[in-house]
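> Sequence and predicted model, in that order:
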Amino acid sequence: MKGKPKKKHIQLDIERMKAIVFEKRSTIRRLARELNVSKRHIDRWVQEGVIKPYTNQIKPELTFTNKLQRLKFSLNAIVLDRDVNQLKFTTMHNIVHIYEKWFYMKRTCERYYMIPGE
């Protein structure tokens with residue numbers, strides 16, 4: 001009894017994978033295009049453990065000058081109430097806060113597909 005012929009599995013070319021820059025390994029589609037294979041092959045290699053997805057959390061930090069500007073802004077908002085002899089914050093109903101990091105931030109999490117041990 002004859003069955004359907006099985007397709008041969010394509011082997012991953014490790015040297016070719018290492019030659020691809022990390023920005024082009026961020027999605028399965030992009031990696032498949034660079035290796036000239038189908039997305040299914042990449043998915044199968046991920047399931048078999050030949051390729052592993054790694055995630056990288058990006059945590060933006062404030063520079064020293066940014067921290068200093070925030071401190072100056074906060075100190076300018078404090079006034080002395082002479083009636084009660086206490087420090088109070090001024091009302092900030094007419095101030096809109098827009099964080100600069102929202103405009104320049106990339107994704108909060110980046111994923112790359114790498115060979116184990118890379």
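Alright, I've got the coordinates.
> So in this structure, which helix runs the longest?
helix 64-76 (DSSP state H).
> and that helix, average pLDDT?
For helix 64-76, the mean per-residue pLDDT is 89.
> other SSEs contacting that helix?
Judged by 3 or more Cβ pairs under 8 Å, 6 or more residues apart in numbering; DSSP states H and E, helix 64-76 is in contact with no other helix or strand. Where you see a C-beta, it was placed from the backbone N, CA and C, and this is true even at glycine.
> Tell me where the model's unsure across this protein.
Regions of the chain meeting the criterion pLDDT under 70 cover residues 1-3, 6-7, 58-60, 99-108.
> the helices in it, which residues?
Going by DSSP H, the chain shows helices at 14-19, 28-35, 39-48, 64-76, 101-104.
> Next, the buried residues of the second one.
If you call a residue buried by 16 or more other Cβ atoms under 10 Å, then helix 28-35 has these buried ones: 28, 30-32, 35.
> What of the third one?
Burial within helix 39-48, assessed by neighbour count using 16+ other Cβ under 10 Å, is assigned to 41-42, 44-45.
> so what's residue 14 up against?
With contact taken as Cβ atoms under 8 Å, 6 or more residues apart in numbering, residue 14 is in contact with residue 115.
> ok, the buried residues of helix 39-48 vs residue 69, which is closest?
residue 42 (45.6 Å; Cβ to Cβ).
> so the closest one makes contact with residue 113?
Yes - assessed by Cβ atoms under 8 Å, residue 42 is found in contact with residue 113 at 7.3 Å.
> which residues are common contacts for these two?
Joint contacts of residue 42 and residue 113 (Cβ under 8 Å, 6+ apart) are 28, 31, 51.
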